[in-house]
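Participant: this is the structure alone, sequence omitted:
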């Protein structure tokens, strides 16, 4: 029984590591979760790389995942209201409704950033929205938000549910952003590679001996 539990936990750990290393899946799942909390409108999430560029991106409209390559893009770079390397403390790592909080007005989408209206498929009526900016040391690492019809807005129940879900998604999104920003490992010389392989072989041999002693002392049926 103990050996079966050990194997099960190892499998679970490997699956968790595989999922977290697949940053695109983490971002897509975050979008699906936020959309489930409020199934109307457009949910959007993306990570931000260390060089300031954007990494994984995912979006859904009315609960259906979008193919971003088919979505029109703004002709000019989007100008952000908030400085992404110096996000105000009160807007970091918490659900905020920028229009309701006075960060900007709805004309921002008409004059500066048309992308949400493009995603919504409505170029006449600017949306309302809420978002969480995942930050470290004041710098935005990832963004998750939901745009809805500005004439409808959010109900109190939706506001509470979106804030709760966004908070729960903060850790995996932040980790996804950190993984995408990690520098590539340096290339090793042939001699360094040889040393690494010898060290790995010794580690594997030691692990095999420890496993043999463990199984020899375990009298329960592992099947």
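Facilitator: The structure has been received and is ready for your questions. Predicted model only: the values in this text are computed from it and were never measured. Numbers count the residues shown, from 1 in each chain.

Participant: please enumerate the strands of the chain.
Facilitator: Under the criterion DSSP state E, strands of the chain are mapped to 42-48, 54-61, 64-65, 95-96, 128-136, 139-148.

Participant: among those, which is nearest residue 22?
Facilitator: Taking Cβ to Cβ, strand 54-61 is the member of those nearest to residue 22, at 9.3 Å. Just so you know, the C-beta spots here come from the backbone N, C-alpha and C atoms, and that holds for glycine as well.

Participant: what packs against the closest one?
Facilitator: In terms of contacts (3 or more Cβ pairs under 8 Å, 6 or more residues apart in numbering; DSSP states H and E), strand 54-61 is packed against helix 23-37, strand 42-48, helix 115-120, helix 156-181.

Participant: that older thread, adding mean neighbour count, write the strands of the chain out as a markdown table.
Facilitator: Below are these laid out as a markdown table (neighbours: other Cβ atoms under 10 Å):
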| stretch | mean neighbour count |
| --- | --- |
| strand 42-48 | 26 |
| strand 54-61 | 19 |
| strand 64-65 | 12 |
| strand 95-96 | 20 |
| strand 128-136 | 23 |
| strand 139-148 | 23 |
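
Participant: tabulate these (TSV), appending mean pLDDT.
Facilitator: TSV is the format used below for the strands of the chain (pLDDT from 0 to 100):
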stretch	mean pLDDT
strand 42-48	94
strand 54-61	91
strand 64-65	92
strand 95-96	97
strand 128-136	96
strand 139-148	96
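
Participant: distance to residue 105 added to those strands, as CSV?
Facilitator: Shown next, in CSV, are these (distance: least, Cβ to Cβ, whole Å):
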stretch, distance to residue 105
strand 42-48, 19
strand 54-61, 23
strand 64-65, 29
strand 95-96, 15
strand 128-136, 11
strand 139-148, 15
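
Participant: of these, which is nearest residue 118?
Facilitator: For the strands of the chain, proximity to residue 118 was assessed by Cβ to Cβ; strand 42-48 is nearest, at 9.6 Å.

Participant: tilt between that closest one and helix 156-181?
Facilitator: Put simply, strand 42-48 runs at 30 degrees to helix 156-181, going by axes from the mean of the first three to the mean of the last three Cα atoms, to 10 degrees.

Participant: okay, the angle between strand 42-48 and strand 54-61?
Facilitator: Relative orientation of strand 42-48 with respect to strand 54-61: 170 degrees, computed using the same axes, to 10 degrees.

Participant: ok, and what's touching strand 42-48?
Facilitator: Contact with strand 42-48 is made by 23, 27-28, 30-32, 34-35, 54-61, 66, 84, 116, 119-120, 127, 140-148, 173, 176-177, 180-181, as judged by Cβ atoms under 8 Å, 6 or more residues apart in numbering.
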